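Peer 1: Have a look at this prediction, sequence included:
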Amino acid sequence: MSVVAQVKESLFLFKNLYDTFRIVDPINKKVLHIEGDQWQGDQCCYCLWEKDASCNNCVSMRTYLKNEAFVKLEYKDNRIFFVISTSVIIDNGTYVVELIKDITNEGVVNGKDILKLNGAGEIINEMNEKMKLH
């Protein structure tokens with residue numbers, strides 16, 4: 001069974017908590033997949049968010065450095081995404097599994113629909129900027 005299939009099977013109980021997952025190499029900023037018997041990283045991890053460089057608030061790098069789970073919000077195309085990351089050992093290397101959930105229609109803050117908060121996207125982007133890795 002491939003590592004991706006193993007991760008997917010491990011996450012089955014939590015399938016309602018995420019829309020998609022990905023395995024990230026935070027050092028090289030790549031999303032991994034298996035090609036033949038080798039891991040390949042062909043897409044930058046930040047490309048999903050349509051950024052030109054690594055995220056200031058990179059939860060994958062935080063997870064990698066501290067070996068703890070981290071969460072953040074991302075804003076893209078008038079949609080809000082909840083990202084949770086955790087580390088995983090694959091072939092003696094440490095990588096990160098990111099679970100990504102679109103919470104645009106499910107997100108609530110203080111009893112209010114998250115998108116009805118004035119400037120929700122700007123607030124999220126500002127929070128991520130303040131949480132910049134040092």
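Peer 2: Yes, it's here. Predicted model only: the values in this text are computed from it and were never measured.
Peer 1: And the helices in this protein?
Peer 2: 3-10, 59-66, 120-130 (DSSP state H).
Peer 1: can you list those helices in a markdown table and add mean neighbour count, mean pLDDT and distance to residue 94?
Peer 2: Using the backbone N, CA and C atoms, a C-beta is placed for each residue, glycine as well. Below are the helices of the chain laid out as a markdown table (neighbours: other CB atoms under 10 Å; pLDDT from 0 to 100; distance: least, CB to CB, whole Å):
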| stretch | mean neighbour count | mean pLDDT | distance to residue 94 |
| --- | --- | --- | --- |
| helix 3-10 | 13 | 74 | 13 |
| helix 59-66 | 20 | 95 | 6 |
| helix 120-130 | 15 | 70 | 23 |
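Peer 1: Name the single longest strand found in this structure.
Peer 2: Across the chain, the longest stretch assigned as strand under DSSP state E is strand 79-90.
Peer 1: what's that strand in contact with?
Peer 2: Residues from elsewhere that reach strand 79-90 (CB atoms under 8 Å, 6 or more residues apart in numbering): 3, 7, 17-18, 23-24, 39, 59-60, 62-64, 67, 69-75, 94-104, 107, 114-115, 120-121, 124.
Peer 1: strand partners of that strand, parallel vs antiparallel please.
Peer 2: Using DSSP bridges, the strands paired with strand 79-90 in its sheet are strand 70-76 (antiparallel), strand 93-102 (antiparallel).
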